[in-house]
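Engineer: I would like the atomic coordinates for the input below:
(one chain, ligands or ions: 2)
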Amino acid sequence: MSLDNKPVYTGGCQCGAVRFRVEGALTNASVCHCRMCQKASGNFYLPLATAPEDGLTWTRGEPKRWRSSNHVKRGFCAECGTPLTFEAPDGTALAIGAFDHPEEVAPTVQWGVEAKLPYVDSIPSLPGETTEGDMESAPYLESLENYQHPDHDTDEWPPLDRGGRG
Ligand SMILES: [Zn+2]
Ligand SMILES: [Zn+2]
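Structural biologist: Ligands and ions are numbered 1, 2, ... in the order given. As a prediction, this is how the structure comes out:
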């Protein structure tokens, strides 16, 4: 919460070159199954939530945009490729997975269901494993160093001990 009691959300891309801050309530939290959102996210569907007008600030860098139609631009990090925005004449929506706390932004509607992939609804019934659950098949995980930006704002990125700035 900010001083005037508005909700505040932060987030950004995987590499940390682009960071955003939202002040005010998000609306239209959704997933879109349309073919364009599948392509833009490289995924089965694209989860998006609309930022309040004038409530969105780019606090580090800014997305590169690609015009996917005459009305819409899609923003992404030019360094790491993380999909970040869907920018239409009626507002800018942010990719829910890019928020620092995506668990706070639950979708309430599905769009583009005519293009829903046939296996999407059966994913929750697939067998599940934790990341560490199968070290034998991925032994490199033991020595994994994570270069992903953490889920909070940072003063310096990448950190100095990783060769950033100097
Ligand atoms: Zn990035
Ligand atoms: Zn879509």
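Engineer: ok, the residue nearest the centre of the chain to ligand 2 distance?
Structural biologist: Per C-alpha atoms, centre = their mean, the C-alpha nearest to the average position across the chain is that of Ala98, at 2.2 Å. Counting by C-beta to the ion, to the nearest Å, the gap from Ala98 to ligand 2 is 16 Å. Where you see a C-beta, it was placed from the backbone N, CA and C, and this is true even at glycine.
Engineer: could you find the closest non-adjacent residue to that residue?
Structural biologist: Leaving out its chain neighbours, the residue that sits closest to Ala98 by C-beta to C-beta, 6 or more residues apart in numbering is Gly11, at 4.7 Å.
Engineer: I'd say the one you found and Arg19 touch.
Structural biologist: Yes: using C-beta atoms under 8 Å, Gly11 is in contact with Arg19, at 7.3 Å.
Engineer: which of these two has more neighbours?
Structural biologist: Counting neighbours by other C-beta atoms under 10 Å for Gly11 and for Arg19 shows that Gly11 has the greater number, 26 against 23.
Engineer: OK, contacts around the closest residue to Gly61 other than its chain neighbours?
Structural biologist: Leaving aside its chain neighbours, Gly61 sits nearest to Val18 (4.2 Å; criterion: C-beta to C-beta, 6+ apart). Counting by C-beta atoms under 8 Å, 6 or more residues apart in numbering, Val18 makes contact with 12, 58, 60-63, 77, 79, 82, 84.
Engineer: same deal with Thr59?
Structural biologist: Residues near Thr59 by C-beta under 8 Å, 6+ apart: 10, 19-21, 153.
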